[in-house]
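>>> here's a sequence, model it:
(chains A and B)
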Amino acid sequence: MNLNSIETDKARIVTVGVDRIDAAVAIRFKEQMRRETAAGPDRIILDLSKVDFIDSSGLGAIVASMKQLEAHRRLDLAGLRPMVSKVFRLTRMDTVFRLYASIDDAMAAPAG
Amino acid sequence: MNGAAPSQPRPTAPVMRDSFSVTFLASETEARERVCAVAQRLRRAGIATERAGEIELTLAEAVNNVVEHAYAGAAPGPVRLCCDLDGRRLGVRICDLGLALPEGRPPRGKAADLSCPRADLPEGGFGWFLIRAFASSVRYDRCRGRNVLALRFDL
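Below is the predicted model:
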């Protein structure tokens, strides 16, 4: 599982470097997200701009990645491609996460 | 002999037709590879990118159910995907020799309840919801130790 993160003073940006988050990688994704988000800013932005396919296991792994954060920390999602965005909208997970068109949009969004 | 000019055949898009099947051992990595390849073949046959993406996701969910549930606790068994593309309709039959679906029928796939504290949000149970969202019809048969899930996709 290829995840990379950088930290700004406001957020940690975790970039997914693969084009699929599916059942074959869901557990590894969740575990690696735990490591990437173990410490650092309260806000984490997951950059999904390279991901063009997500299934229910991948969706579950992103939800799990949020749930394993301390209660005061937050996971936002950026750069959702059409099929990924569709899965979030259909399952109404777009009401659980804040979704941004791009990392720039996410960084420009007001805090809170 | 009437005087009308012979009607010219109207140009139409070629009718999409293809029929093929693939058989593989039910594992997560095989499932990914084979479903990807099926989706690619369907795109090449002329199915629009967006619909092909929905079909790919639906097949991925159905095959992952076989991997995770039908062959749960057993060595991976065979899965067979039979695709029949005929014009405006695609039929896919997914067959396996694993455990029957609980209650002998496919789950209704209700939308998950998200009106709960963050710690209680569901991490699974979206699969059947997505299958039912994208497939135009779903039929399940259990016959002599074999599961047959027949999905139809209007195109």
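>>> those strands in chain A, which residues are they?
For chain A, the strands defined by DSSP state E occupy A:3-7, A:11-16, A:20-21, A:43-47, A:53-54, A:74-78, A:99-100.
>>> check chain B too.
Counting by DSSP E, the strands of chain B are B:17-25, B:78-86, B:89-96, B:137-143, B:146-154.
>>> tabulate those (JSON lines), appending distance to residue B:61, mean neighbour count and mean pLDDT.
C-beta: built from backbone N, CA, C; applies to glycine. Below are the strands of chain B laid out as JSON lines (distance: least, Cβ to Cβ, whole Å; neighbours: other Cβ atoms under 10 Å in any protein chain shown; pLDDT from 0 to 100):
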{"stretch": "strand B:17-25", "distance to residue B:61": "16", "mean neighbour count": "13", "mean pLDDT": "97"}
{"stretch": "strand B:78-86", "distance to residue B:61": "13", "mean neighbour count": "18", "mean pLDDT": "98"}
{"stretch": "strand B:89-96", "distance to residue B:61": "10", "mean neighbour count": "20", "mean pLDDT": "98"}
{"stretch": "strand B:137-143", "distance to residue B:61": "11", "mean neighbour count": "13", "mean pLDDT": "97"}
{"stretch": "strand B:146-154", "distance to residue B:61": "10", "mean neighbour count": "17", "mean pLDDT": "98"}
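>>> what's the closest of these to residue A:100?
strand B:146-154 (31.7 Å; Cβ to Cβ).
>>> name the surrounding residues that touch the closest one.
B:51, B:54-55, B:58-59, B:62, B:66, B:70, B:88-98, B:100-101, B:106, B:131, B:134-142 (Cβ atoms under 8 Å, 6 or more residues apart in numbering or on different chains).
>>> got a list of what residue B:45 touches?
Counting by Cβ under 8 Å, 6+ apart, residue B:45 makes contact with B:16, B:17, B:18, B:85.
>>> excluding sequence neighbours, find me the nearest residue to it.
Spatial nearest neighbour of residue B:45, excluding adjacent residues (Cβ to Cβ, 6 or more residues apart in numbering or on different chains): residue B:18 at 4.5 Å.
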